[in-house]
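Engineer: generate a structure from the sequence data that follows.
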Amino acid sequence: MNTAPNKQDIFILEKKYWAAMKNNDVEAAVSLTRFPCIVTSPKGAMRVNESQYRQMMQANNNGQYQDIVIKDPQVDLLNEDTALISYSIMHKGMKMLDVSTWVRDGEKWVCAFHSENPIQ
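Structural biologist: Numbers count the residues shown, from 1 in each chain. As a prediction, this is how the structure comes out:
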């Protein structure tokens, strides 16, 4: 994607990210991430550098993401270099709302922020 993204491009990137998580493909996930990145969850918010991210990915090799399916994706193209995607998933029996911010970093697109929070 060397030009302005379209909504489908962002959705495809998000699906690639989840595929990397499902397959515990650390290198693919790292290549799709801007560092440092921000991650928020019910456990709180944290700024993560590449080394920390690699450790987190290596610790998550128990197949916990295998059943993730993105539902109702909404993409907002903020400008030629920034896009947001929000959607819901089921994770560990809980419905979650996810939001990712994708930014252009040189010639490629990377995820700079991801938030996952339960919907009550």
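
Engineer: state whether residue 53 is indeed within a helix.
Structural biologist: Yes - under DSSP: H, G, I helix; E, B strand; the rest coil, residue 53 sits within a helix.

Engineer: surely residue 45 meets residue 113?
Structural biologist: No - taking contacts as CB atoms under 8 Å, residue 45 lies outside contact range of residue 113: 9.8 Å. Glycine gets a C-beta too; all of them are placed from N, C-alpha and C.

Engineer: in the one helix or strand in the chain whose mean pLDDT sits lowest, what counts as buried?
Structural biologist: Lowest mean confidence among the helices and strands of the chain (mean pLDDT, DSSP states H and E): helix 50-59, at a mean of 93. For helix 50-59, burial by neighbour count (16 or more other CB atoms under 10 Å) applies to 53, 57.

Engineer: could you identify the helix or strand that succeeds it?
Structural biologist: strand 71-79 (DSSP states H and E).

Engineer: give me the residues contacting that following strand.
Structural biologist: Contacts to strand 71-79, defined as CB atoms under 8 Å, 6 or more residues apart in numbering, come from residues 4-7, 10-11, 14, 83-89.
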